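Chemist: sequence? don't have it. structure:
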């Protein structure tokens, strides 16, 4: 039975987090202490140092040899169940799509375990639950966020190929991507140069367009930026002070700005179309060339749906108008917003190619392309290094009893101690900079909250029961599944422009209602 003292211990662990978030919100929204540029500086510190070192601290001090494999199995099974169901739905339903599979998977299975889960579960169930949360954090950073990146890059590759090679995609036998391209997220125009061999097969080279290169070169004399660090427990959003619709969502006014000058997209990209991949130059079909000789064809690809623009063009209804799943990848007409939050869109225009009808290159070719892009994202991410180094150190230290040198340990401790509070402070800054708490409309927000706080815990309860979790372990598994939305999925959703408003609402509104919801679960499970 849950006592008043138990509830007090929970509130003691969690309320200070909300105090930090509330102070940040008030500092920007009411007191106007911080400007967006100053918020960007705070968030960059959190992104580059505080949170990665916080992650390193938790992982390096957790004994990997005492991991609870039943608990890990339950968490893994929950994710696999939902991913399988969503994949089948996307394949078999006319309303299914890869975009919605990614979004619903993120909403239902990837909570904010590092920042919110560890202190909350420690307050509820004691120190042992904190160790369980660290195990979940390790799996999230190393496996599940990498899988999420894989899905996003797969989507980007499909859109690139189907747009530039609608009739010849199956003939592509190799891709070579220039080293200065970190992602196929479509935020900057890319050239696809196709060399046709004598056998009729295509060898594609993907590089930045000439306009993108000149723009980047002209900015190299400006203030240098950090690399594209996305897989951290922080995120980036466009400041309302920057009205340029094609500017990268990770510029100097961005919230949780994480991208270098070399990887920002400038104010280029051709005619703004809401939601399509638009060729920057006239597209010349490869199969219209002389197949007996090698021929070079150049295409430029860019996501025309700016991931930062809050405006919609005529012909696209706002997300809150209707609530119905639309396969936006299938319905990729010029009047639509590809990968946007719009749940009801215009019907596909005549003459627009059905993306799913385009034959893709061989699986080995696609896999190699996607793995290259995922690797480039991971090596630019500080949390990748902090998680792996922390795991390696924990394996060594708990195996042979090695202690970290006091100077290094103290240096890490000073910054990691600030990580939790600064992460919540940054979240408060993010909330204050948004024009709306609920950006995706009330009906969509209600649906996303149901997925986050009902579907996820219910499937976790089933998975936990299947693997044999009982008692307190079962309670911990269910409550951790009811934590608020993780921030990393929102980072990716914003960067790849796949329902960013839904994930933004999940982070902001979910954080506000998470405490009472988790307390309800805690009380009900304790009866």
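Modeler: Looks like it came in fine. Here the structure is a predicted model, which means the values were calculated and not measured.
Chemist: run a quick neighbour tally on the residue nearest to residue 17 when sequence neighbours are not counted.
Modeler: In space, and not counting its chain neighbours, residue 17 is closest to residue 424: 4.8 Å by CB to CB, 6 or more residues apart in numbering. Glycine gets a C-beta too; all of them are placed from N, C-alpha and C. Burial of residue 424 is recorded as 24 neighbouring residues (other CB atoms under 10 Å).
Chemist: list the contacts of residue 424.
Modeler: Taking CB atoms under 8 Å, 6 or more residues apart in numbering, we find residue 424 in contact with 17-18, 20-21, 24, 115.
Chemist: 10 Å - rerun?
Modeler: 16-24, 46, 115-116, 119, 511 (CB atoms under 10 Å, 6 or more residues apart in numbering).
Chemist: can you list those residues in a markdown table and add neighbour count and secondary structure?
Modeler: Formatted as a markdown table, those follow (neighbours: other CB atoms under 10 Å; DSSP: H, G, I helix; E, B strand; the rest coil):
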| residue | neighbour count | secondary structure |
| --- | --- | --- |
| 16 | 14 | helix |
| 17 | 21 | helix |
| 18 | 17 | helix |
| 19 | 14 | helix |
| 20 | 18 | helix |
| 21 | 23 | helix |
| 22 | 15 | helix |
| 23 | 16 | helix |
| 24 | 25 | helix |
| 46 | 26 | helix |
| 115 | 28 | helix |
| 116 | 29 | helix |
| 119 | 20 | helix |
| 511 | 24 | helix |
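Chemist: related to what we said a few turns ago, and the helix or strand where the residue nearest to residue 17 lies, what's buried?
Modeler: Assessed by DSSP states H and E, residue 424 sits inside helix 406-433. Buried residues in helix 406-433, counted by 16 or more other CB atoms under 10 Å: 412, 415-416, 418-433.
Chemist: what's the answer for stretch 93-104, then?
Modeler: Quick answer for stretch 93-104 (16+ other CB under 10 Å): 96-104.
Chemist: then stretch 438-451?
Modeler: 438-441, 444-445, 447-449, 451.
Chemist: now that stretch: mean pLDDT?
Modeler: In this model, stretch 438-451 has an average pLDDT of 92.
Chemist: now it, how far from the chain's geometric center?
Modeler: 18 Å (CA atoms, centre = their mean, to the nearest Å).
Chemist: where in this protein is pLDDT low?
Modeler: 1, 210-357 (pLDDT under 70).
Chemist: the stretch 101-250 of the chain: strands as residue ranges?
Modeler: All strands of the stretch 101-250 of the chain, identified by DSSP state E, counting those that start in this stretch, fall at 172-177, 190-196, 202-208.
Chemist: the second one pairs with which strands, parallel or anti?
Modeler: It stands for strand 190-196. strand 202-208 (antiparallel), strand 296-301 (antiparallel) (DSSP bridges).
Chemist: go on, the first one?
Modeler: Partner strands and pairing direction for strand 172-177 (DSSP bridges) are strand 202-208 (parallel).
Chemist: now the strand it pairs with, how far from the centre of its chain.
Modeler: The answer for strand 202-208 is 26 Å, by CA atoms, centre = their mean.
Chemist: stretch 519-527 too?
Modeler: The mean C-alpha position of stretch 519-527 is separated from the chain mean by 30 Å, CA atoms, centre = their mean.
Chemist: can you map out the helices along the stretch 101-250 of the chain?
Modeler: Remark: helices assigned in the stretch 101-250 of the chain by DSSP state H, counting those that start in this stretch are 118-125, 127-139, 145-164, 210-219.
Chemist: next, the angle helix 127-139 makes with the first one.
Modeler: Translated: helix 118-125. 150 degrees (axes from the mean of the first three to the mean of the last three CA atoms, to 10 degrees).
Chemist: residue 144 contacts residue 82, doesn't it?
Modeler: No - Residue 144 is beyond contact range of residue 82, at 11.5 Å (criterion: CB atoms under 10 Å).
Chemist: which residues do these two both contact?
Modeler: 105, 109.
Chemist: can you classify residue 465 as helix, strand or coil?
Modeler: helix (DSSP: H, G, I helix; E, B strand; the rest coil).
Chemist: do the same with residue 439
Modeler: coil.
Chemist: and the residue nearest to it when sequence neighbours are not counted, how far from residue 40?
Modeler: In this structure, residue 439 finds its nearest non-sequential neighbour in residue 501, 4.2 Å apart by CB to CB, 6+ apart. Look at residue 501 and residue 40: by CB to CB, to the nearest Å, they are 21 Å apart.
Chemist: what do you get for residue 106?
Modeler: Taken as CB to CB, the span from residue 106 to residue 40 is 25 Å.
Chemist: which of those two has more residues huddled nearby?
Modeler: Taking neighbours as other CB under 10 Å, residue 106 and residue 40 compare with residue 106 leading, 27 against 21.
Chemist: what residues does that one make contact with?
Modeler: 144, 148, 151, 448, 451-452, 485-486, 488-490, 492-493, 498-499, 502-503, 506.
Chemist: picking that back up, what's the farthest-apart pair in the buried residues of stretch 438-451?
Modeler: Taking CB to CB as the measure, these span a maximum distance of 16.5 Å, between 439 and 451.
Chemist: surely residue 459 touches residue 482?
Modeler: No - Residue 459 lies out of contact with residue 482 (CB under 10 Å); the separation is 11.5 Å.
Chemist: spit out the contact partners of residue 398.
Modeler: Contacts of residue 398 (CB under 10 Å, 6+ apart): 60-66.
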